[in-house]
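Peer 1: Next comes the sequence, and after it the predicted model I'd like to discuss.
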Amino acid sequence: MVIFMNENWFSKKVDEITINEKNETTKKKNIDKDLQKNMAYIKQQFGDSFDVKYRKYNAQGREIIFIMVDGMCNSLLATEQVILPIIEADFEGEKGDKLIYSAADQVSASIDKSITNDLDEAIREAIYGSIIMLTDDAQFAIMFGVQGFPKRAVLEPSTEMQERGSREAFVESFKDNVTMIRRRVRNPVFKTQIVEVGDTSKTRACVCYMSDRVDRKMLDNVVERLKNCKIDTVLGSGYLQTFLDGKHPSIFSGVGFTERPDVLTAKISEGKICIIVDGTPNALIVPYLFIEHFHSLDDYLKRPYYATFIRILKIASFLVSVFLPGLYVAVCTFHQEIIPETMIFGITGQESRTPLPVMFEAFFIHFVYEIVREAGLRMPKSVGHAISIVGALVIGDSAVTAGIISAPMLIIVGLTAVSSFVVSTLYESVAVLRFAFIIIGGLGGLYGIMMGFAAVLVNAAAINPFGVPFTSPLSPTKIGALRDLVVRQDWRRMGKKKMLIQKLEK
Amino acid sequence: MQTKEKISAFQFFTMLFISRALTTVTYLSSYTKDVRLSDMLVQPIFRITLGVVIMLPLYLIYKKHNTIDLLSLANSKIIFFCYVFVFFYFTVITIARLDVFAGTVVFPETDVNLLLVFAILLCSYGAYLGFEALGRSAVLSAVLVVPALIFIMATLVKKVDLLNLTPVFYNGVTPVIKTAFDSVGQTVEYAIIAICLPKVSGNVKKGFFWWLSLQTLLMATMFFFATTVMGNFTGTQLFPFHTLASLAEFAMFDRLDAIFTSVWILCAFIKAGLLIYLQSDILHRVFQKIQRKYFILGIGAITIITNLLIASEFKRFLFVDNSIFKIVITGITAFVIPLGILIIKRKGRRECENQS
Amino acid sequence: MRKSILIFLVIIVAIFTFNEKEIYKKDIRNRLVIQGIGIDIEKDNSYTVTLQTIDTNAQSATSEDGASQPPIKTYKMTGDTIYTTIKSVTEIEGKVPLYSQNRIIVLGKSITEEKMDDVIDFFVRDVENSASIYIAAAKDRASDILEAKNGEEYVSARSIEIGIGANEYDARIFGTELYELINRYNSGSKDFAMPLLDVTEKDGKQSVEIIGTAIFNNTRYREYMSKDETVYLNFLSDKVYNTAISLDRDNGEKLSLNVVDSKTYRTLKFENGKPTFKIKVKISADIAEISGGVSKKMTKQDIETIKTSAEQYIEKAITQTRKRLYEEYESDACGLGRLLYIFKPSFYRKNEKNIDSIMQNSIFEVDVDLKIRRIGHEFIEMV
């Protein structure tokens, strides 16, 4: 979320951006040999922030300053592994940059350390929980990674539940997330690359891939897009989705999400690229194909025939959730001949007792359903039951009894609502498309529905996330990949040959 | 032809299959009173032969010049506009038929002009998204269209009555050959092949024979079911295959014509979208400074106006949907122009050889 | 994306503006669901159309057997053409008629006897009526059929349709769907058949019965065949799937067979320049009942005897039915004449005009091959 504090701040920010665009190097602030000047700059940057601590020591006549942000670093670790060994060390007359190098190489017991001559970078690291060491006559600073900020424990996934998969879900700390993947791929081919995104927030996005199978061009493209994304603050991975999606406007996205480290591992092992954004328990996956929305980890953990059955079920649910209300409206408005004769009396009788035409009735009841859903999502859990009662009794039963909506319509809403959660990753698209098809069905009947369907089809077919057609491997058809499309073959066959995403590229 | 966008031979011929399926599943195309229903089952043999013959010049061009970019070889604005006109004409016909279908069967008591406009806008949108998007959509459509047609026919098996068949060549072979010509005349896909090949990768020859065989098989199967299920009722219907689908029953559903309508509209979208795309692409080739999307807008607008004019009176539709005219223009674009190019180039080469 | 949303909204607003009336007019609440259409022609050549519709305003009624059935309303209108007459129901009810749910078309005697040509066109041209609805002839007026009252309630068109639709299990009914009628109407002979309906009254309650099969020659109603004869007409037409037949045996016993499968092979040969139709009927049947057969232990010989006598009986019955059909009614309702058209087109072309007499003078050879599949629960001597 970008918050512009005041007009001056805004104008200053704009100036900075302009400068940055002109020359990247103007942003860098070199460390001065004069420690006091450096300190003045740092204090100017931090202002009166109470949590920034400066500790000055005199070690054998040399002035050493440690800078840290309270709460972001582990004080005990900092003291034991960094401060104590350095102030007690004998530097044998070394000073300035030599001291810095000695301290880094020989004295400190910290594992995570790096040297920089950029004061801004040092400040950014301090903010992220590193302890910075500066000394007189030195043009370099050491950054010790002793982070120790409070973070959430690894918990079970909340949106991607699996029956047999692991119970771990990503957390907000990207390092922990990377660790979870490392544990699953004990091979150096798993590589990470950090890209800073957000002009102000400087959020770290960690690009993960497997070097032996990733398409280098695709990787460069992803990194390039991340580097070039013009955004002030990144508070979640979703901020980056737009930048990773192509320019082609579509209701579907070629970027996927996951909160499961095992899913992410599976995706990178297919040659895909994942982006873990610091502060978000959801990783982005590119490229993400349409059919992948119907795949889940459980498919691969269960017997192939059952996995196939579940996939068919998911596809059917998706179709039901998008088209059923629209089709019902189209049939009741224009194509009554389709209604089986055993149902015609029931539907006609029920609908003729309601005040609204079928299209408006469908629109209204689905709108109400979305309100109830949204309320249920946002409200405290303690009052969640109240919503259920209001939804089921007041809106459901009473509305039918009062003749505001018809019973068949209520069944349609119920079926649609349940179906839409079967493929939860497509919910956004499904919800919007459903309303669109209600309107189209009411205005153009089956003719309209099919035209709408054709529009969605061609729109989806035009998506090419990072050169891979969104609708592949069905179209363009890749015979080899069809073994894991709807019907899943067993691992004895699938395991023989790796199915990499490059094979689906245009 | 711009070769930036390339699709596989499979996608291309699937697109043509869907495009041709539209004509196949619409009318009893080329059914005349001299032709008996069973003749239509034999007619595909003549169609295949004609199809192969019509493609021969193109094949020879490829063999001699090792290129299949017909427009590059021709390099004549007249020929460019000739193709644009043919594609425009067939776009208009496709949309006009869709309009007649919608106005007769889907919304018999409703003015469908507005829907016609939206249909053209949709096809223009498809054209705007490009050749690749259309190719992919065609394959996805085929995944729906083919099983839908098979399903409809499977439910009709129990209604088949072989006594509804008629004697073959009752009025001689000539009327059957005439209908084969007529049917080939309705096949703008031959002209599309002539133009699109530079955009297609893979085994085109194999794709062509599969396409020719499968569309002929589809046509023969549809006729077989129409003839054996409905008999003489077939000839009384403007959209006999729609009526055929309305006879199909499955479980509690007494009619499956809704499936047929869906198939129809999907096929029409692919066909008209492809034709609009081709027009815009050829025009863009002539006037390279103007972006393709502006041509699409223009073609869309002209198609809307033309179709609205046709839609107002059935007589106009009959006037535009002229069989002889279609045979002539398809023959010119799919056969005569490639043949002409082949002869001219051959002559040119001989002259060069003589000079050297 | 904003552009797309804007375009979508513009389209929606445009359709609303231009199409708003259509949405309301076509909505299911504003449709009058027609279940049966009866057509009669009056002496002044005007049409009387009787419509049986579902009364959506009434609550669901309960029939005698406790099953819920929709309340029915009937309308009777007179007009110059069928279309305008049916349309005039909108003036009465204020709703747009919906024929696509129509279950049956009943044609009055006045039409079947001389005006079939006048009504066929409406059904060929009409797109709403399903081509697969049943068509039936009324013994008298079509309006009587659709206005018949079983006490307080009308006899529903749906129940008549179910009765005719039972032809799949009961070959005593000759079901004809609209597309079959038009198919035969457009064939050379223009001969066809359809169920004949009549209203019977008992204890003040009316019921609609299928009394047999109306036989048409050259689009005109000639006579009707009884339900028992219809079984053999169905055998001739290869329309028997599953039925029960009873036969008189030579020893005076009555035998009931449950036909579980049947197929009629109709072939054409020319012998001495004369068309010879070979009709081979293959029947697979179970013995369902032998009157007076209780505790008479059956033997293999008995089964053989039953088979032979049943075959002879069916052969005879089919031959008689054929004779009546072709010689008395001069009708090719079972479509055998098409064999000539398909296999001997030159002969057919030459004799197209006097095909009726050709069919009358042709030779018909009927051969029945009956397989007794099961004999029921009755004991049989195995040795």
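Peer 2: It's in.
Peer 1: what's next to stretch C:246-261, contact-wise?
Peer 2: C:171, C:240-245, C:283-293, C:306, C:309-310, C:313-314, C:370, C:373 (C-beta atoms under 8 Å, 6 or more residues apart in numbering or on different chains). Any C-beta I mention is one placed from the backbone N, CA and C, and that applies to glycine too.
Peer 1: Mind checking which of those residues are in strands?
Peer 2: In strands, defined here by DSSP state E, the members of the contacts of stretch C:246-261 are C:243-245, C:283-290, C:370, C:373.
Peer 1: can you tell me the residue of the stretch 251-383 of chain C closest to chain B?
Peer 2: Residue nearest to chain B within the stretch 251-383 of chain C: residue C:345 (3.8 Å; C-beta to the nearest C-beta).
Peer 1: Thought residue B:170 was touching that residue, still the case?
Peer 2: Yes: assessed by C-beta atoms under 8 Å, residue C:345 is found in contact with residue B:170 at 5.3 Å.
Peer 1: So the two - more neighbours on which side?
Peer 2: With neighbours defined as other C-beta atoms under 10 Å in any protein chain shown, residue C:345 and residue B:170 compare such that residue B:170 has more, 20 against 17.
Peer 1: Is it correct that that one falls within a helix?
Peer 2: No: per DSSP: H, G, I helix; E, B strand; the rest coil, residue B:170 lies outside any helix segment and is coil.
Peer 1: How about it, nearest residue that isn't a chain neighbour?
Peer 2: Spatial nearest neighbour of residue B:170, excluding adjacent residues (C-beta to C-beta, 6 or more residues apart in numbering or on different chains): residue B:36 at 4.7 Å.
Peer 1: which ones are touching the spatially most central residue of chain C?
Peer 2: In chain C, the C-alpha nearest the mean C-alpha coordinate belongs to residue C:175, at 2.1 Å (C-alpha atoms, centre = their mean). When contacts are counted by C-beta under 8 Å, 6+ apart, residue C:175 touches C:134, C:164, C:165, C:167, C:168, C:195, C:239.
Peer 1: part of a strand, is residue A:159?
Peer 2: No: under three-state DSSP, residue A:159 falls outside any strand and is assigned coil.
Peer 1: Determine the number of other residues adjacent to it.
Peer 2: By other C-beta under 10 Å, 13 other residues sit near residue A:159.
Peer 1: Spit out the contact partners of it.
Peer 2: A:259, A:424.
Peer 1: Could you pull up phi and psi at it?
Peer 2: phi -110, psi -20 (degrees, to the nearest 10).
Peer 1: Got the confidence number for it?
Peer 2: We note a pLDDT of 83 for residue A:159 in this prediction.
Peer 1: Please report how far it lies from chain B.
Peer 2: Note on residue A:159: its distance to chain B, by C-beta to the nearest C-beta, to the nearest Å, is 28 Å.
Peer 1: Show the secondary-structure elements that the helix or strand encompassing residue C:165 is packed against.
Peer 2: For residue C:165, the enclosing helix or strand under DSSP states H and E is helix C:157-165. Judged by 3 or more C-beta pairs under 8 Å, 6 or more residues apart in numbering or on different chains; DSSP states H and E, the packing partners of helix C:157-165 are strand C:31-41, strand C:104-107, strand C:134-138, strand C:205-217.
Peer 1: I'd like these as CSV, with distance to chain A and mean pLDDT appended.
Peer 2: Below are the helices and strands packed on helix C:157-165 laid out as CSV (distance: least, C-beta to the nearest C-beta, whole Å; pLDDT from 0 to 100):
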stretch, distance to chain A, mean pLDDT
strand C:31-41, 6, 90
strand C:104-107, 12, 93
strand C:134-138, 13, 94
strand C:205-217, 18, 91
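Peer 1: Distance to chain B and mean neighbour count added to those, as TSV?
Peer 2: Listed next are the helices and strands packed on helix C:157-165 as TSV, based on distance: least, C-beta to the nearest C-beta, whole Å; neighbours: other C-beta atoms under 10 Å in any protein chain shown:
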stretch	distance to chain B	mean neighbour count
strand C:31-41	12	25
strand C:104-107	13	27
strand C:134-138	12	26
strand C:205-217	15	21
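Peer 1: Find the closest residue to chain A in the stretch 251-383 of chain C.
Peer 2: Counting by C-beta to the nearest C-beta, the stretch 251-383 of chain C gets nearest chain A through residue C:260, at 27.6 Å.
Peer 1: again with chain C
Peer 2: residue C:100 (3.1 Å).
Peer 1: In contact with that residue, which residues?
Peer 2: Contacts of residue C:100 by C-beta under 8 Å, 6+ apart are A:336, A:337, C:128, C:129, C:130.
Peer 1: mind checking the SS state of the third one?
Peer 2: Right, residue C:128. Residue C:128 - assigned by three-state DSSP - is coil.
Peer 1: so how many other residues sit close to the nearest residue to it once chain neighbours are set aside?
Peer 2: Leaving aside its sequence neighbours, residue C:128 sits nearest to residue C:99 (C-beta to C-beta, 6+ apart; 4.3 Å). Per other C-beta under 10 Å, the neighbour tally for residue C:99 reads 22.
Peer 1: Tell me the residues on chain B that lie near chain C, please.
Peer 2: Residues of chain B found near chain C (C-beta under 8 Å from any C-beta of the partner chain) are B:104-105, B:108-110, B:114, B:118, B:121, B:163-167, B:170, B:229-233, B:235-237, B:243, B:246-247, B:249, B:254-255.
Peer 1: if we go to 7 Å?
Peer 2: B:104-105, B:108, B:110, B:114, B:118, B:163-167, B:170, B:230-233, B:235-236, B:243, B:246-247, B:254-255 (C-beta under 7 Å from any C-beta of the partner chain).
Peer 1: Any idea how many residues pack against residue C:10?
Peer 2: 10.
Peer 1: per-residue confidence for it?
Peer 2: Among the per-residue scores, residue C:10 holds a pLDDT of 78.
Peer 1: ditto for residue A:496
Peer 2: 68.
Peer 1: what do you get for the one 10 residues further on?
Peer 2: We note a pLDDT of 65 for residue A:506 in this prediction.
Peer 1: now do residue A:73
Peer 2: The model's pLDDT for residue A:73 equals 88.
Peer 1: Show me the beta-bridge partners of it.
Peer 2: With DSSP bridges applied, residue A:73 shows beta-bridge pairing to residue A:147.
Peer 1: And the helices in chain C?
Peer 2: C:2-26, C:82-87, C:89-93, C:109-114, C:116-125, C:142-146, C:157-165, C:178-185, C:227-236, C:300-323, C:337-343, C:345-350, C:355-361 (DSSP state H).
Peer 1: And the fifth one, what's buried?
Peer 2: What it means is helix C:116-125. Buried residues in helix C:116-125, counted by 16 or more other C-beta atoms under 10 Å in any protein chain shown: C:116, C:119, C:120, C:122, C:123, C:124.
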